[in-house]
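J.: Sequence first, then the predicted structure:
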Amino acid sequence: MDYPEDTEDPVGQALSTRRIPHSRLASGGRRRGKQGQAVFDPVRLLGVYEVTCPALTRNTSTAVSRMEIHGFTNQETALIGTLSLGDGRGIYGMFILAGSRKVLQEAVDDLDNQHQHHDDSSASTDGEEDEEADVEDRREKRSKAFEKNSFRNPKFWMAWKGRVQTGDADGQQQQQQQTSERNQGYLVFASNDCRDFKGTLSYDTLGWENVEVVGRKVTSKARECPLQWADFDG
């Protein structure tokens, strides 16, 4: 999936035209850089969010929607999560968040080319000193990757891949069909404490183009990601 930098990109247009309410930065959601400016801490994104999607609730009265941000990609430049939107007519899959389209595309390409994602991400270092150095190196990579988010409401480009389920929302599986799809969207958090967000998602199978989504964090505890990006191929 390509993310061109031209202004005709539909997600780019949505970013520039949709108004997202601004809130004051929470004092606990920022650190200070060398020049005294606020530094965004992407770790605050981790956790589980309840998601409201008007386009989805029009099709099912019992929609249960959640997004969970589990952690960082191997390169520490993007975040990876899982999503479950709706209980009978919706989507189940994984997503990636990054601070720019360029970084997002690099993260998608990296995951597309990985065959053993969990083997790399679970590797440990030998010795306490090596482990401490590794943690500091990872923290530095994160700071650079998300530096642009320090001066505004945290804003992220999103790529998702999963199975879109269509049909009735009453559990009658014989009337439902699952289709694999990948698409894009974006999320904008109300402040650096990352408690609430608004954004849009696109699902071709459901006829959605930049439909509105609203999220509210219900827990900051992050689980290890139970899925792999390759689980939703084909």
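T.: Yes, it's here.

J.: pLDDT below threshold where in the chain?
T.: Within the chain, the ranges that satisfy pLDDT under 70 run 1-39, 57-64, 87-89, 115-133, 143, 148-152, 166-177, 234.

J.: and if we set it to 80?
T.: 1-40, 55-64, 86-90, 115-152, 165-178, 206, 234 (pLDDT under 80).

J.: all strands for it, in order.
T.: Counting by DSSP state E, the chain has strands at residues 30-32, 38-40, 47-52, 66-72, 79-85, 90-98, 155-166, 177-189, 196-203, 208-219.

J.: May I see those strands organised as a markdown table, with distance to Phe146 added?
T.: In short, each C-beta sits where N, CA and C put it, glycine included. Below are these laid out as a markdown table (distance: least, CB to CB, whole Å):
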| stretch | distance to Phe146 |
| --- | --- |
| strand 30-32 | 12 |
| strand 38-40 | 5 |
| strand 47-52 | 16 |
| strand 66-72 | 10 |
| strand 79-85 | 9 |
| strand 90-98 | 9 |
| strand 155-166 | 9 |
| strand 177-189 | 12 |
| strand 196-203 | 15 |
| strand 208-219 | 18 |
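
J.: Tell me what Trp208 is bridged to.
T.: Tyr203 (DSSP bridges).

J.: on that earlier part again, so of the strands of the chain, which one's packed in deepest?
T.: Sort the strands of the chain by mean neighbour count, taking mean count of other CB atoms under 10 Å, and strand 90-98 sits at the top with a mean of 24.

J.: hmm, back to that, and the strands of the chain: which comes nearest Lys141?
T.: strand 66-72 (8.7 Å; CB to CB).

J.: Convert the C-alpha atoms of that closest one to CSV, please.
T.: C-alpha atoms of strand 66-72 as CSV (Å, rounded to 0.1, in the frame of the first residue of the first chain):
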residue,chain,number,x,y,z
ARG,A,66,-12.3,-2.0,20.8
MET,A,67,-8.8,-1.1,19.7
GLU,A,68,-5.7,-2.1,21.7
ILE,A,69,-2.3,-0.7,21.3
HIS,A,70,0.2,-3.4,22.4
GLY,A,71,3.6,-2.0,21.8
PHE,A,72,6.2,-0.9,19.3
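
J.: Isn't Asp196 up against Phe189?
T.: Yes. In terms of CB atoms under 8 Å, Asp196 counts as a neighbour of Phe189; the distance is 6.8 Å.

J.: ok, Glu136 - how many residues close by?
T.: 10 (other CB atoms under 10 Å).

J.: and what of Asp204?
T.: The number of residues packed near Asp204 is 12, by other CB under 10 Å.

J.: My guess is Cys53 contacts Leu85. True?
T.: Yes. If you go by CB under 8 Å, Cys53 and Leu85 touch, sitting 6.2 Å apart.

J.: now the closest residue to Arg163 other than its chain neighbours: how far from Pro154?
T.: If the residues on either side of it in the chain are set aside, Arg163 comes closest to Gln178, at 4.7 Å by CB to CB, 6 or more residues apart in numbering. As judged by CB to CB, to the nearest Å, Gln178 and Pro154 stand 33 Å apart.

J.: do the same with Asn183
T.: Applying CB to CB to Asn183 and Pro154 gives a distance of 21 Å.

J.: same question, Ser180
T.: In terms of CB to CB, Ser180 sits 30 Å off from Pro154.

J.: same thing with Gly215?
T.: Counting by CB to CB - Gly215 and Pro154 are separated by 13 Å.

J.: Please apply the same query to Ala190.
T.: Relative to Pro154, Ala190 is positioned 9 Å away (CB to CB).
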